[in-house]
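Undergrad: Below are the sequence and a predicted model for it; my questions follow.
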Amino acid sequence: FAYAVAKKHIKKSPFAEVAMVGKMRAGKPQLRVEEAKRFTDTGLRYFETTKNPLAVAALVAITMGPRASEVLNRSVRDLDNGGKILVIDSGKNERAKRRLDVPLFLQPILLGLAQGREPLAKLFGLNEKGRPWRRQSLYSTVRRICKEAKVPEVCTHSLRGFWATTSVQIGTPSQAVAATLGHGSFAITERHYAAPGS
């Protein structure tokens, strides 16, 4: 409506007088450390039994902190240096370009997903219709793992928040946490991701 007013299509926005009531919520519920361990163990078992690559995508989200879209858009060539680095070459903004360290336990699993595939193929494969996975599919997998792990059902973005919170708690410098998440400053990380008191 601001655009319509600026272009003189209308005289005044019908929402000009609307004021927000209450306090804006920031952040999403996060798992505790013990719950995250159960989530990770359950995710590994789920992948071993079903070979569903989205279980691995969920583990990438909780152990490395990328956005859901950043996980799902990775190609085989983004797994670099013998599986030690995951390259994020595009994203929400210019700061989204970064190189993430892959946890040791995930390196052979990701290399297994990449093995024998074309460099530009999607690292986590395609869905049953031959199309790239959608974020909703990853969300459903995260919820399923939560249910099987008997932990609170969180969303994929909450896993990113968990990573930020635990990184701050173990003493990772705040700017390094912000940079790994693709944020310009720690203020954004603190407001939306790191749990209060961390």
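TA: Thanks, I have the structure now.

Undergrad: drop to CA atoms for contacts and neighbour counts, all remaining ones
TA: Fine.

Undergrad: Ile10 contacts Ala4, correct?
TA: Yes. Using CA atoms under 8 Å, Ile10 is in contact with Ala4, at 5.9 Å.

Undergrad: can you give me the helices for this structure?
TA: 2-6, 33-50, 53-64, 68-72, 107-114, 135-149, 156-169, 174-181, 186-192 (DSSP state H).

Undergrad: Which one, of these, ends up nearest to Lys122?
TA: helix 68-72 (7.7 Å; CA to CA).

Undergrad: any chance of the helices of the chain in JSON lines, plus distance to Leu86, mean pLDDT and mean neighbour count?
TA: Listed next are the helices of the chain as JSON lines, based on distance: least, CA to CA, whole Å; pLDDT from 0 to 100; neighbours: other CA atoms under 10 Å:
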{"stretch": "helix 2-6", "distance to Leu86": "40", "mean pLDDT": "90", "mean neighbour count": "12"}
{"stretch": "helix 33-50", "distance to Leu86": "19", "mean pLDDT": "98", "mean neighbour count": "16"}
{"stretch": "helix 53-64", "distance to Leu86": "9", "mean pLDDT": "97", "mean neighbour count": "23"}
{"stretch": "helix 68-72", "distance to Leu86": "9", "mean pLDDT": "95", "mean neighbour count": "20"}
{"stretch": "helix 107-114", "distance to Leu86": "10", "mean pLDDT": "98", "mean neighbour count": "18"}
{"stretch": "helix 135-149", "distance to Leu86": "18", "mean pLDDT": "98", "mean neighbour count": "18"}
{"stretch": "helix 156-169", "distance to Leu86": "16", "mean pLDDT": "90", "mean neighbour count": "23"}
{"stretch": "helix 174-181", "distance to Leu86": "12", "mean pLDDT": "77", "mean neighbour count": "20"}
{"stretch": "helix 186-192", "distance to Leu86": "21", "mean pLDDT": "65", "mean neighbour count": "17"}
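
Undergrad: Format those as CSV; extra columns: distance to Phe124.
TA: What follows is the helices of the chain, written out as CSV (distance: least, CA to CA, whole Å):
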stretch, distance to Phe124
helix 2-6, 40
helix 33-50, 12
helix 53-64, 5
helix 68-72, 7
helix 107-114, 7
helix 135-149, 11
helix 156-169, 16
helix 174-181, 21
helix 186-192, 27
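
Undergrad: mind checking which of the ones you listed is nearest Gly125?
TA: So among these, helix 53-64 is nearest, using CA to CA, at 7.3 Å.

Undergrad: Phe15 is nearest to which of the helices of the chain?
TA: Going by CA to CA, the one of the helices of the chain nearest Phe15 is helix 2-6, 9.2 Å.

Undergrad: May I have that closest one exported as PDB, CA atoms only?
TA: Only the C-alpha atoms of helix 2-6 are listed here, as PDB (Å, rounded to 0.1, in the frame of the first residue of the first chain):
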ATOM      1  CA  ALA A   2       2.900   2.400   0.600                       C
ATOM      2  CA  TYR A   3       3.900   1.700  -3.000                       C
ATOM      3  CA  ALA A   4       0.400   2.400  -4.200                       C
ATOM      4  CA  VAL A   5       0.400   5.700  -2.300                       C
ATOM      5  CA  ALA A   6       3.800   6.700  -3.700                       C
END
